[in-house]
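K.L.:
prediction below, plus the sequence it came from.
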Amino acid sequence: MSGHSKWASIKHKKAATDAKRGATFTKLIKELTAAARQGGGNPDMNVALRAAMAKAKEYNMPSDNVKNAIKRGTGELPGVTYESITYEGYAPGGVAFMVDALTDNKNRTSAELRNLLSKKGGNLAGAGSTAWQFQKKGFILVDKTKIEEDKLMEMVLDAGAEDMKSEGQNYEITTSPQDLENVKEALKKNNIETISAEITMIPTSTVKVTGADAKAVLALVESLEEHEDVQAVYANFDIPEDILEESTSS
């Protein structure tokens, strides 16, 4: 899990820069529209929409943008219909990955991702090839300086968390997807800031990658994340922190 924890922390730092470029807003609008289309426009009855709205708030998306995206999903405003697709494959070093995408043209997106992967040393695999190596979970990171371990453990377990571990400078909290909001709310009530809190795919085991392979994996993941149809990339790499930091600053 250490690789996942480090990457989650670093990705969150990068997100602020991405948001300034507008890329994050574009992807969030797609996510809001797709969630509303699939489960309706009431966040109290739609877990996916509630999560997308929380993410939009975190990145300071204007409320009108959020409302209009939801209305396009419910049909109150005209809009594009997005199809949800998951791609699976392998990156350099034997790293397994999954990619969640939202697209209005499946053939175009598949062709573009296949081309991107071929240039970056990765390849697509069939459905189910890598999914068995991941579990869908709520995942929260809290800085160790914010609270004592015993107090945090009691708080999050009472709120429904499945587990909590100490990893490096952070505490890792895992929940079922449906209990993530309850745990986040418990932390908020106790004024405990989080580094990140999201529903994600957590690898059941990781692959250690170093040197040139590590840099190639990160270049591939970054290229995938920059694609306009890609909502999230999950991978089971464990890469040294100095290489992760170097990738972020470059």
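P.N.:
Everything's here; your move. Residues are numbered from 1 along each chain as shown.
K.L.:
per-domain residue ranges of the chain.
P.N.:
Structural domains assigned to the chain are 2-74, 84-132+205-239, 134-203, following automatic domain parsing.
K.L.:
can you give me the strands in this protein?
P.N.:
Under the criterion DSSP state E, the chain contains strands at 83-91, 95-103, 123-125, 134-143, 163-167, 170-175, 196-203, 207-208, 230-235, 237-238.
K.L.:
can you list the domains of the chain in CSV and add distance to residue 245, mean neighbour count and mean pLDDT?
P.N.:
Backbone N, C-alpha and C define where each C-beta goes, glycine included. As requested, the domains of the chain are exported to CSV (distance: least, CB to CB, whole Å; neighbours: other CB atoms under 10 Å; pLDDT from 0 to 100):
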stretch, distance to residue 245, mean neighbour count, mean pLDDT
domain 2-74, 7, 18, 83
domain 84-132+205-239, 10, 18, 94
domain 134-203, 13, 17, 92
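K.L.:
for residue 246, which of those is the nearest?
P.N.:
domain 84-132+205-239 (8.3 Å; CB to CB).
K.L.:
can you list the domains of the chain in a markdown table and add distance to residue 246?
P.N.:
Formatted as a markdown table, the domains of the chain follow (distance: least, CB to CB, whole Å):
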| stretch | distance to residue 246 |
| --- | --- |
| domain 2-74 | 10 |
| domain 84-132+205-239 | 8 |
| domain 134-203 | 17 |
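K.L.:
in contact with residue 230: list those residues for me.
P.N.:
27, 99, 100, 101, 113, 224 (CB atoms under 8 Å, 6 or more residues apart in numbering).
K.L.:
beta partners of it?
P.N.:
On the basis of DSSP bridges, residue 230 is bridged to residue 101.
K.L.:
return the residues in contact with the residue nearest to residue 158 when sequence neighbours are not counted.
P.N.:
Once flanking residues are discounted, residue 158 sits nearest to residue 186: 7.3 Å by CB to CB, 6 or more residues apart in numbering. By CB under 8 Å, 6+ apart, residue 186 lies in contact with 155, 156, 158, 159.
K.L.:
just give me the closest of the contacts of residue 230 to residue 67.
P.N.:
residue 27 (17.5 Å).
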